[in-house]
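> Give the three-dimensional model of this entry:
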Amino acid sequence: MAPRLLEKYRDEIAPQMMQKFNLKNKFAVPRVDKIVVNMGVGEGVQDIKILERSMEELSAITGQKPILRRAKKAISNFKIRQGSPVGCKVTLRRAMMYEFMDRLINITLPRIRDFRGVPPDSFDMAGNYTLGLAEQSIFPEIDYDRLPRVQGMDITFVIKNSKAKEQAKELLRLFGMPFSDKNDS
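Here you go, the predicted model:
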């Protein structure tokens, strides 16, 4: 069975995008290609157990085993050597991507205290959207009582066929991403 957001994309979102941006071909409609969830764990250099615990939490959140990320260059100010483990990441595609996006938009983001929406200006030039979360405890898969430390993460929505930021923003808005108003401070 296809994920709920994939069916919504095919039945509702793609036709609306074609009409709004005057696209003739359904393959020219922007779509979410992958979601990358990245967790930087700088303290993992001193204690590998912190990094292992973060990998377990990321695995529980995404439903997929994360890969270990190592430092590309040595940074003496942070006591990081080249090749030291500094984080973990997961790349979600296809069905798992849509399931994660559904849980993120409809369950996780509303659980944030005093939530007024995600920032609407976090798009890069290619139309990809990056969302930073301050703590992993907002996910229902994480047991708050067994949480040894608060850890943040970055979630990047890689959008394919997006010609402009407006197309990418409209795509995520139609999926239900709660963007905040710019005027709201």
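> what's the nearest residue to M101 once chain neighbours are set aside in contact with, if anything?
Spatially, and ignoring its direct neighbours in sequence, M101 is nearest to L5 (5.9 Å; CB to CB, 6 or more residues apart in numbering). C-beta coordinates here come from the backbone N, C-alpha and C atoms, glycine included. Applying CB atoms under 8 Å, 6 or more residues apart in numbering to L5 gives the contacts 98, 101-102, 175.
> check which helix or strand covers L5.
Assessed by DSSP states H and E, L5 sits inside helix 4-8.
> For the next helix or strand after that helix, which helices and strands make contact with it?
Moving toward the C-terminus from helix 4-8, the next helix or strand (DSSP H and E) is helix 14-20. Helices and strands touching helix 14-20, as assessed by 3 or more CB pairs under 8 Å, 6 or more residues apart in numbering; DSSP states H and E, comprise helix 165-175.
> Can you name every helix or strand that the helix it packs on contacts?
Applying 3+ CB pairs under 8 Å, 6+ apart, one finds that helix 165-175 contacts helix 14-20, strand 31-40, strand 129-133, strand 153-160.
> Output those as TSV; include the columns distance to P110 and mean pLDDT.
Below are the helices and strands packed on helix 165-175 laid out as TSV (distance: least, CB to CB, whole Å; pLDDT from 0 to 100):
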stretch	distance to P110	mean pLDDT
helix 14-20	24	90
strand 31-40	19	91
strand 129-133	13	90
strand 153-160	16	91
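> Turn these into TSV, including mean neighbour count and distance to I142.
Converted to TSV, the helices and strands packed on helix 165-175 look like this (neighbours: other CB atoms under 10 Å; distance: least, CB to CB, whole Å):
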stretch	mean neighbour count	distance to I142
helix 14-20	14	34
strand 31-40	19	12
strand 129-133	18	12
strand 153-160	20	11
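> now those in TSV, with distance to C88?
Shown next, in TSV, are these (distance: least, CB to CB, whole Å):
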stretch	distance to C88
helix 14-20	33
strand 31-40	5
strand 129-133	15
strand 153-160	10
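> right, so of the ones you listed, which gets closest to R93?
Across these, R93 has its closest neighbour in strand 31-40 (4.9 Å, CB to CB).
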